[in-house]
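In: Pasting a predicted model and its sequence here:
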Amino acid sequence: MGTRVLKKEDTMKCAICKSGETLPGFTVVTLTRGEFVIVFKHVPAEICQNCGEEYTNNDTTSNLLSIANDSFEKGVVVDVRDYKAA
């Protein structure tokens, strides 16, 4: 299942299954670019209680992409870390 960007902070109806409601939780996000792989554990997300689809908010998504880009530019090939909000 992919991680999608959450457009609002409140509990919402799932855009995938159309019937489940989301609740706050944590997920694992894996980002890849060519040979580069970075895995973030304990990422805050809204998770559908019906199908398990995961949504991260805009701030979290931007932070993940920024950290991944920094690691990529430093030449890191594989990185696994606990997520910490900025």
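Out: Received, thanks. Numbering: from 1, shown residues only.

In: Double-check that F72 belongs to a helix.
Out: Yes: remark: F72 belongs to a helix, assigned using DSSP: H, G, I helix; E, B strand; the rest coil.

In: With adjacent residues omitted, what lies nearest to F26?
Out: Excluding its sequence neighbours, the residue lying closest to F26 (CB to CB, 6 or more residues apart in numbering) is H42, at 5.0 Å. Where you see a C-beta, it was placed from the backbone N, CA and C, and this is true even at glycine.

In: my guess is that neighbour contacts V29, does it?
Out: No: using CB atoms under 8 Å, H42 makes no contact with V29, being 9.8 Å away.

In: of these two, who's got more company?
Out: Neighbours were counted for H42 and for V29 using other CB atoms under 10 Å; V29 has more, 20 against 13.

In: which residues of the chain score low on pLDDT?
Out: 1-10, 86 (pLDDT under 70).

In: same thing but 90
Out: 1-12, 84-86 (pLDDT under 90).

In: Where do the strands of it begin and end?
Out: 3-6, 22-33, 36-48, 54-57, 78-82 (DSSP state E).

In: any idea which of the ones you listed is most buried?
Out: strand 54-57 (a mean of 20; mean count of other CB atoms under 10 Å).

In: That one - contacts with which helices or strands?
Out: The helices and strands touching strand 54-57, judged by 3 or more CB pairs under 8 Å, 6 or more residues apart in numbering; DSSP states H and E, are strand 3-6, strand 22-33, strand 36-48.

In: try 6 Å this time
Out: Here strand 54-57 touches strand 3-6, strand 36-48, going by 3 or more CB pairs under 6 Å, 6 or more residues apart in numbering; DSSP states H and E.

In: Could I have the CA atoms of it written out in PDB?
Out: Extracted C-alpha coordinates of strand 54-57, given in PDB (Å, rounded to 0.1, in the frame of the first residue of the first chain):
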ATOM      1  CA  GLU A  54      -1.900   5.300   5.100                       C
ATOM      2  CA  TYR A  55      -1.900   9.100   4.700                       C
ATOM      3  CA  THR A  56       0.800  11.500   5.900                       C
ATOM      4  CA  ASN A  57       0.200  15.300   6.200                       C
END
